[in-house]
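Visitor: Let's see this in three dimensions:
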Amino acid sequence: MKQLRTCALALAASLGVPAGASAGEISDNVVRVGVLNDISGIFQDTNGMGSVEAARMAAEDFSGGGKGIKVEIVYADHQNKADVGSAITRKWLDVDKVDAVVDVPNSAVGLTVNELLRNSRMTFLASSTASSDLTGKACSPNTIQWVNDAWATGNTTAAAMMGRGGKDWYFITVNYALGQGIEAEATNYVEKHGGKVLGSAKHPLGTTDFPSFLLQAQGSKAKVIGLANAGGDTINAVKQASEFGIQQGGQSLVAFLLFINDIHGMGLKAAQGLQLLEAFYWDMNDDTRAFAKRFAARPGMNGKMPSGNQAGVYASTLAYLNAVAATGSDDAKDVVPQMKTVKGKDKLFGDTMIRADGRVVHPMYLFEVKKPEESKYPYDYYRLVSTIPAEQAFRPIAEGGCALVK
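Guide: Modelled structure (predicted):
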């Protein structure tokens with residue numbers, strides 16, 4: 001486990017605590033936010049230290065909330081292991097007095113953290129955990145889920161592709177909770193809407209050799225090959241699909257969970273024509289561009305543009321801190337209900353609201369990756385194909401089975 005490091009941001013402390021608020025309502029007089037993610041593995045580019053910088057940006061922009069609230073950002077590497085993530089979170093809860101956990105790519109780790117923090121003082125800002133169980137059967141009064149989830153990724157991507165004629169599907173799926181959930185959701189949508197799933201190939205996390213899976217997919221003659229994986233797995237699959245000429249043969253390749261950093265890593269020559277669903281793209285509007293340029297200039301970022309997950313860390317951390325300022329408390333029983341009252345325009349994700357089940361709903365976007373000659377400047381990689389409104393992008397609240405929904 002990597003050594004935990006702390007970045008203390010003593011923000012506007014001279015303003016003091018406002019009248020009517022007791023210093024004891026904020027534990028230790030400090031709000032500690034722990035960024036828990038993959039710093040050394042397959043998600044290090046889409047999350048990693050970029051997520052830590054995004055959380056630091058949120059703390060800086062919060063600037064004490066006008067009430068002199070001191071914020072500290074800590075971070076750790078869960079190594080994509082549920083037991084490691086659990087041990088870190090338990091220490092944060094019991095020893096280090098961390099008040100919120102943010103990020104957490106990897107559904108197995110996220111579901112473990114979700115249960116560990118249930119009915120504790122800590123808030124779980126699941127900005128990168130894709131399991132839709134977090135707002136379904138496993139929903140918790142401590143958890144808010146941002147950006148993508150398996151239901152949105154599976155259903156919304158399938159709907160968008162079927163709307164473009166993609167009726168027959170073949171899946172290449174990472175064999176753990178994330179991939180299984182995405183494939184199940186997409187399959188359900190495809191079959192309910194008159195399509196067919198012609199087959200599926202499962203692979204372990206961290207696979208480097210995809211030819212056998214791609215040959216099966218190619219041989220199926222499916223119109224759409226769905227990559228129900230993420231990070232380095234998807235990058236390797238897309239690169240090798242390009243070598244096999246799969247898209248040139250008339251099959252569409254769609255990535256359910258891919259980010260701008262992944263496209264940058266594989267290059268436009270390999271990624272061109274790929275379809276993907278995103279909640280955030282840095283080049284959407286003036287607000288997203290302004291955030292992205294600040295992010296790219298941060299220490300260690302070296303001009304990299306933020307992923308949707310990193311944008312989600314920023315947005316969820318800032319929303320959490322604003323709720324702390326509004327309630328004068330960093331206890332989840334006060335903060336989470338306050339977060340659920342907020343509805344409006346988020347600078348990075350557009351029109352947003354937080355439902356009773358903890359799901360943050362916002363628009364989603366289907367993009368196609370540009371050809372190399374179409375890209376005019378660094379990270380100019382996407383062409384918008386369609387916008388999915390917030391009310392259609394996520395599972396209807398009544399269908400999730402969340403016990404918090406009355």
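
Visitor: rest of the way, CA atoms for contacts and neighbours
Guide: Will do.

Visitor: buried stuff in the host helix or strand of Gly110?
Guide: Gly110 belongs to helix 107-117 when assigned by DSSP states H and E. Judged by neighbour count using 16 or more other CA atoms under 10 Å, the buried positions of helix 107-117 are 107-111, 113-117.

Visitor: tell me which strands and helices that helix is in contact with?
Guide: Helix 107-117 is packed against helix 82-94, strand 123-126, helix 177-192, with contacts defined by 3 or more CA pairs under 8 Å, 6 or more residues apart in numbering; DSSP states H and E.

Visitor: of the buried residues of helix 107-117, closest to Thr157?
Guide: For these, the minimum distance to Thr157 (CA to CA) is 19.1 Å, reached by Ser107.

Visitor: which residues of the stretch 201-350 of the chain fall in helices?
Guide: 211-219, 231-244, 260-266, 268-271, 286-296, 308-327, 332-339 (DSSP state H, counting those that start in this stretch).

Visitor: angle of the helix holding Gly110 against helix 82-94?
Guide: Interaxial angle, helix 107-117 versus helix 82-94 (axes from the mean of the first three to the mean of the last three CA atoms, to 10 degrees): 30 degrees.

Visitor: what about helix 107-117, distance to the chain center?
Guide: 15 Å (CA atoms, centre = their mean, to the nearest Å).

Visitor: Return the angle between stretch directions for that helix and helix 177-192.
Guide: Helix 107-117 and helix 177-192 are oriented at 110 degrees to each other (the same axes, to 10 degrees).

Visitor: how about helix 107-117 as CSV, C-alpha atoms only?
Guide: C-alpha atoms of helix 107-117 as CSV (Å, rounded to 0.1, in the frame of the first residue of the first chain):
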residue,chain,number,x,y,z
SER,A,107,-17.0,-1.8,-8.4
ALA,A,108,-15.8,-4.5,-6.0
VAL,A,109,-13.9,-1.9,-3.9
GLY,A,110,-16.7,0.6,-4.2
LEU,A,111,-19.4,-1.9,-2.9
THR,A,112,-17.1,-2.8,0.0
VAL,A,113,-16.6,0.8,0.9
ASN,A,114,-20.3,1.4,0.6
GLU,A,115,-21.1,-1.2,3.2
LEU,A,116,-18.3,-0.2,5.5
LEU,A,117,-19.5,3.4,5.7
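
Visitor: before we move on, the earlier item: and Ala356, which of the helices of the stretch 201-350 of the chain is closest to it?
Guide: Of all those, helix 332-339 comes closest under CA to CA, at 8.6 Å.

Visitor: Show me the shaky parts of the stretch 251-400 of the chain.
Guide: Within the stretch 251-400 of the chain, no range satisfies pLDDT under 70.

Visitor: Please apply the same query to the stretch 51-200 of the chain.
Guide: Low-confidence segments of the stretch 51-200 of the chain, defined by pLDDT under 70, are absent.

Visitor: And for Asn236, nearest residue in space, chain neighbours not counted?
Guide: Leaving out its chain neighbours, the residue that sits closest to Asn236 by CA to CA, 6 or more residues apart in numbering is Thr208, at 6.1 Å.

Visitor: What distance do you get for that neighbour to Lys371?
Guide: According to CA to CA, to the nearest Å, Thr208 and Lys371 sit 25 Å apart.

Visitor: same thing with Pro299?
Guide: Plainly put, Pro299 is 31 Å away from Lys371 if you go by CA to CA.
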